[in-house]
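Student: model this:
(one chain, ligands or ions: 1)
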Amino acid sequence: MNCLTILIVNIMSQLMPTLPYATDALEPVISRETIECHYGKHLQTYVNNLERLIKDTDMEGLSIGEIVELAPEGPVFNNAGQVLNHQLYFLQFSPKPRRNEPEGELKRRILRDFGSMELFKKRMTDAGTTLFGSGWVWLCSDREGRLEILSCHNGDNPLRHGKKPLLGFDVWEHAYYLDYQNRRADHLTRLWDIIDWEEVERRAADKSISVADSANY
Ligand SMILES: [Fe+2]
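Tutor: Below you'll find the predicted structure:
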């Protein structure tokens, strides 16, 4: 592993990730108020709940990815899913991305599986806009490296479906309502301006899916 990978693995081994940007750094796409509430209250609550639920159980020594893969449906899975989902979510943004699209292998795979960057972005934004209720929309990879967009309800994650999450849009109202009220599509469209494609490329470069053989989750 290189230094960056080691750093990210260490960050991901903590349930509560450290934000790599200031709470107001993503404005005007995501406001300071939303980050403080979403990260500081919603994610912190999922972390607190999970720590309480797994204390002194067989799950206590597992990684967050292993818990998401293995936990039965119910409170442990719901909170673990939301912890992993938000770890991936908050670490995929940059106030000033160096590029506004991926390059190299990830770009080649997106063009192969979606036709163009524009079609990929449209399909992901549309999936998030039309998902009924609360949930997530993911760009994810299967074991053969094929990319797809997967809509997940509540705290679900592609790991539960044998797929690797690469990029996630949170469509719970707590992610956007303070800034965009009911205009979910506007929020999702603006997110493309702050995607850290180098982080997404790093996730995509690891072809392993199961957390049992991956160091990344
Ligand atoms: Fe959220």
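
Student: hang on, residue 166 is in a strand, isn't it?
Tutor: Yes. Applying DSSP: H, G, I helix; E, B strand; the rest coil, one finds residue 166 inside a strand.

Student: which ones are touching it?
Tutor: 106, 138, 139, 140, 141, 147, 200, 203, 204 (CB atoms under 8 Å, 6 or more residues apart in numbering). C-beta coordinates here come from the backbone N, C-alpha and C atoms, glycine included.

Student: Which single one of those residues is nearest to residue 173?
Tutor: Using CB to CB, residue 138 is the member of those that sits closest to residue 173, with 18.4 Å.

Student: thought the closest one was touching residue 156?
Tutor: No. With contacts counted by CB atoms under 8 Å, residue 138 stays clear of residue 156, the gap being 9.3 Å.

Student: Could I get the contacting residues of whatever residue of the chain ends up closest to the ion?
Tutor: Nearest residue of the chain to the ion, counting by CB to the ion: residue 170, 4.2 Å away. By CB under 8 Å, 6+ apart, residue 170 lies in contact with 38, 85, 86, 89, 136.

Student: Can you pick out the ones from those residues that are in strands?
Tutor: Members of the contacts of residue 170 lying in strands (criterion: DSSP state E): residue 136.

Student: Which one of the contacts of residue 170 sits in the busiest neighbourhood?
Tutor: Counting neighbours by other CB atoms under 10 Å, residue 136 leads the contacts of residue 170 with 29 neighbours.

Student: Residues in a beta bridge with residue 153, which ones?
Tutor: Listed beta-bridge partners, residue 153: residue 135 (assigned using DSSP bridges).

Student: Can you show me the helices along this structure?
Tutor: With helices called from DSSP state H, the chain shows them at 3-13, 32-37, 44-54, 64-70, 75-90, 104-114, 117-130, 177-180, 184-191, 197-205.

Student: okay, the ones you listed, which one's buried deepest?
Tutor: helix 75-90 (a mean of 23; mean count of other CB atoms under 10 Å).

Student: CA atoms of it as PDB?
Tutor: The C-alpha coordinates for helix 75-90 follow below in PDB (Å, rounded to 0.1, in the frame of the first residue of the first chain):
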ATOM      1  CA  PRO A  75     -30.700  -2.300  13.900                       C
ATOM      2  CA  VAL A  76     -27.100  -3.400  13.600                       C
ATOM      3  CA  PHE A  77     -27.200  -3.600   9.900                       C
ATOM      4  CA  ASN A  78     -29.200  -0.300   9.600                       C
ATOM      5  CA  ASN A  79     -26.700   1.700  11.600                       C
ATOM      6  CA  ALA A  80     -23.600   0.000  10.200                       C
ATOM      7  CA  GLY A  81     -24.900   0.600   6.700                       C
ATOM      8  CA  GLN A  82     -25.400   4.200   7.400                       C
ATOM      9  CA  VAL A  83     -22.000   4.500   9.000                       C
ATOM     10  CA  LEU A  84     -20.300   3.000   5.900                       C
ATOM     11  CA  ASN A  85     -22.500   4.900   3.500                       C
ATOM     12  CA  HIS A  86     -21.600   8.200   5.200                       C
ATOM     13  CA  GLN A  87     -17.900   7.400   5.400                       C
ATOM     14  CA  LEU A  88     -17.800   6.900   1.700                       C
ATOM     15  CA  TYR A  89     -20.000   9.900   1.100                       C
ATOM     16  CA  PHE A  90     -18.100  12.600   3.100                       C
END
